[in-house]
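K.L.:
quick one: sequence and predicted model below, then my questions.
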Amino acid sequence: MSAKIPATIITGFLGAGKTSLIRHLIEQAKGKRLAFIINEFGDLGIDRGIIQGCGISDCDDDSIRELANGCLCCTVADDFLPTMESLIDRPNPPDHIIIETSGLALPKPLVTAFNWPTMKARVTVDGVITVIDGPAVADGRFADDPAEVARQRAADPSLDHENPLAEVFVDQLVCADLVVINKTDLLTGDAASRISDTLLSHMRPGVKAISASHGKLPIAVMLGLGAAAEDDLAQRASVHDAEDEHDHDDFESFVLPFGWVGDPDPLLARLSMVADVHDILRIKGFLAIKGAERRCVVQGVGGRFDRYFDRAWEKGETPSSALVIIGKKGLDRAAISAEIGVELVAA
């Protein structure tokens, strides 16, 4: 019997840097056949577009499988398994499969899917890598104290202290075989020690946390963990273990399509302000900037935004701008679009 194909699951909260990590994996492939399954929350294929626009010769359409209709852990039966089978049934199957989950995904149900009869004998979970946004965690934006929540509930069971963001964050840490603390170049003061305190209360014994900037890590560090995560699910206790599935009704997203942009800096300043006022979790997309021959990628989490040019506009392609806005349920779409300064386009 041939060896199982290893698969790495890359999870982490919105804007943590999963796509940057994957881009660096592609750069270091050096002939290794890597297949990618990219999943994201939202209606626009931003992550797929960023990876395809990275300018790396080995990054082609045939290497990428995108599932854009919800979190992988919610669509395993309908989409994930057929996609995996289409990869491993090829005459020349991949050497390694990398799966990027949505920032709102729970990784454990996905790991569980590798025990399905059609998968068990052919693929193994080499490891679950959880990427965290160092500065965000240091500020407490995406993490709460589960013990304090439990005490409050015990004191007054009628109170609703459920925090879906904290639950997602904890589940991603508990399932990890490796934790990547990203954006360490932005940490100041005692931020690193605050992050360590937060992580240690949730990570399983023996799991390591390593630091990274811009998602840059050697491929040998990320692949080849040999965890066989599907075989020790009992050790990956999840907040949602008692549930058949988790509900994403706590979150919503919408797309703002618009035209050309003059100076992008005032727009990014408005995006930062709007993200703060409306408690938006994530803004990402593409901009068509007047006078620029290349497409501009925008990535924002909290009030921090980055932009860079990734590729030239293709022949026959009409340059345009579009942003995906992701947040908790109840986003005021009209107000957000007005404050950003673009018209909300009806679906």
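P.N.:
Cool, got the structure. Since we're looking at a predicted model, the values are computed, not measured. Numbering: from 1, shown residues only.
K.L.:
contacting residues around Ile340?
P.N.:
Contact partners of Ile340, counting by CB atoms under 8 Å, 6 or more residues apart in numbering, are 256, 267, 270-271, 274, 323. (Glycine included, C-beta is placed from N, CA and C.)
K.L.:
which of those fall within strands?
P.N.:
Residues of the contacts of Ile340 located in strands (DSSP state E): 256, 323.
K.L.:
put the buried members of the contacts of Ile340 into a PyMOL selection.
P.N.:
A single PyMOL command suffices to select whichever of those are buried according to 16 or more other CB atoms under 10 Å:
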select buried, resi 256+267+271+274+323
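K.L.:
and the contacts of Ile340 as a markdown table, adding pLDDT?
P.N.:
As requested, those are exported to a markdown table (pLDDT from 0 to 100):
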| residue | pLDDT |
| --- | --- |
| Leu256 | 89 |
| Leu267 | 91 |
| Arg270 | 91 |
| Leu271 | 92 |
| Val274 | 91 |
| Leu323 | 91 |
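K.L.:
right, and Arg194 touches Ala138 too?
P.N.:
Yes. Counting by CB atoms under 8 Å, Arg194 touches Ala138, with 5.0 Å between them.
K.L.:
state the phi and psi torsions of Ala29.
P.N.:
Reported as degrees, to the nearest 10, the phi and psi values for Ala29 are phi -60, psi -40.
K.L.:
that one and Asp185: what is the separation?
P.N.:
Separation of Ala29 from Asp185 (CB to CB, to the nearest Å): 25 Å.
K.L.:
domains in this protein, by residue range?
P.N.:
Per the record, the chain has its domains at 5-235, 251-340, by automatic domain parsing.
K.L.:
tell me which of those domains is the most buried.
P.N.:
Mean neighbour count, computed with mean count of other CB atoms under 10 Å, is highest for domain 5-235 among these, reaching a mean of 18.
K.L.:
straight-line length of it, end to end?
P.N.:
Start-to-end span of domain 5-235 (CA to CA, to the nearest Å) is 23 Å.
K.L.:
cool, and stretch 105-116?
P.N.:
Using CA to CA, the end-to-end distance of stretch 105-116 comes to 20 Å.
K.L.:
what does stretch 306-321 give?
P.N.:
For stretch 306-321, the first-to-last residue distance is 16 Å (CA to CA).
K.L.:
ok now that stretch, how far from the chain's centre?
P.N.:
On the basis of CA atoms, centre = their mean, to the nearest Å, stretch 306-321 sits 22 Å off its chain's mean C-alpha point.
K.L.:
and that stretch, average pLDDT?
P.N.:
On average, the pLDDT along stretch 306-321 is 86.
K.L.:
can you check stretch 13-23 too?
P.N.:
Stretch 13-23 comes out with an average pLDDT of 84.
K.L.:
what are the ranges of the helices in the stretch 101-250 of the chain?
P.N.:
Using DSSP state H, counting those that start in this stretch, the helices found in the stretch 101-250 of the chain span residues 107-113, 117-120, 134-138, 146-155, 164-174, 191-200, 219-222.
K.L.:
weakest of these in terms of mean pLDDT?
P.N.:
Per-stretch mean pLDDT for the helices of the stretch 101-250 of the chain is lowest at helix 146-155 (a mean of 49).
K.L.:
any idea which helix or strand of the protein has the worst average confidence?
P.N.:
Least confident helix or strand, the chain: helix 146-155 with a mean of 49, by mean pLDDT, DSSP states H and E.
K.L.:
what packs against the strand ranked longest in the chain?
P.N.:
The longest strand of the chain (DSSP E) is strand 123-133. Strand 123-133 sits against strand 5-12, helix 18-27, helix 107-113, helix 164-174, strand 178-182, with contacts defined as 3 or more CB pairs under 8 Å, 6 or more residues apart in numbering; DSSP states H and E.
K.L.:
try 7 Å this time
P.N.:
Contact analysis of strand 123-133 by 3 or more CB pairs under 7 Å, 6 or more residues apart in numbering; DSSP states H and E lists strand 5-12, helix 107-113, strand 178-182 as its packing neighbours.
K.L.:
got those as a markdown table, with distance to Gly303 columns?
P.N.:
Formatted as a markdown table, the helices and strands packed on strand 123-133 follow (distance: least, CB to CB, whole Å):
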| stretch | distance to Gly303 |
| --- | --- |
| strand 5-12 | 19 |
| helix 107-113 | 27 |
| strand 178-182 | 17 |
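K.L.:
and of those, who's closest to Phe251?
P.N.:
With CB to CB as the criterion, Phe251 lies closest to strand 5-12 of those, at 15.6 Å.
K.L.:
ok, the closest residue to Thr112 other than its chain neighbours - contacts?
P.N.:
Excluding its sequence neighbours, the residue lying closest to Thr112 (CB to CB, 6 or more residues apart in numbering) is Leu233, at 6.2 Å. If a contact means CB atoms under 7 Å, 6 or more residues apart in numbering, then Leu233 has 108, 111-112 as its contacts.
K.L.:
now Leu14
P.N.:
Contact analysis of Leu14 by CB under 7 Å, 6+ apart lists 103, 281-282, 301, 326.
K.L.:
try it again with 6 Å
P.N.:
Going by CB atoms under 6 Å, 6 or more residues apart in numbering, Leu14 touches 103, 281-282.
K.L.:
just those: which are in strands?
P.N.:
Using DSSP E, the subset of those located in strands is Arg282.
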